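1. pasted the sequence and its predicted model underneath.
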Amino acid sequence: MKRMLTSISVIVAALAMPLLPAAAAGSYDGTWYVDAPPAAGWQPAEQGGGGCEAVRIPFKVTDNKISGSLKRAVYGTGRIESSESGTPFSGTVAADGSISAKWESYTATGKLTGDKAEIRWKGQCGERVATGGRSK
């Protein structure tokens, strides 16, 4: 009797497995962007500026992994732009939405909260703060 109950339990569990929900995508999965305004003291490149222009950083989150690709604009303006042929922008998103990412020698930290994003990094233009959200 005990053996038969064990067998029935195994069969019921095996039949129920397809009915269980599949592993859900991470709550941060999707396409995101952040925008940073020009850094203090910024001047256009044609006026001898240092290239600390406003920048938009688009990125994707899949299974709590950040991916994207950025490159420096041509002609030495110092501007950064999204490009499939650029250098990878990658990182991770923790369960609480904290971000840790890297592009070239820059390290960025930040937070995803609901549909809002904030990323901070420090570079040749000083500390930059970019805000944005989930693309719709």
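-> Here it is on my side, so go on.
2. okay, now the unreliable bits of this protein?
-> Across the chain, the ranges flagged by pLDDT under 70 are 1-25, 41-51, 74-79.
3. recalculate using a threshold of 90.
-> Applying pLDDT under 90 to the chain picks out residues 1-26, 38-56, 69-87, 89, 104-105, 123-126, 136.
4. quick one, helices of it?
-> 2-16 (DSSP state H).
5. C-alpha coordinates for stretch 54-68, CSV please?
-> What follows is stretch 54-68, C-alpha atoms only, in CSV (Å, rounded to 0.1, in the frame of the first residue of the first chain):
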residue,chain,number,x,y,z
ALA,A,54,24.8,65.5,-23.5
VAL,A,55,24.6,61.7,-24.0
ARG,A,56,21.9,59.1,-24.4
ILE,A,57,22.7,55.6,-23.4
PRO,A,58,20.3,52.9,-24.6
PHE,A,59,20.6,49.4,-23.1
LYS,A,60,18.8,46.1,-22.8
VAL,A,61,18.3,44.0,-19.7
THR,A,62,17.7,40.3,-20.2
ASP,A,63,17.7,37.9,-17.2
ASN,A,64,19.3,40.7,-15.1
LYS,A,65,22.2,41.2,-17.5
ILE,A,66,22.8,44.6,-19.1
SER,A,67,23.9,44.8,-22.7
GLY,A,68,24.4,47.5,-25.2
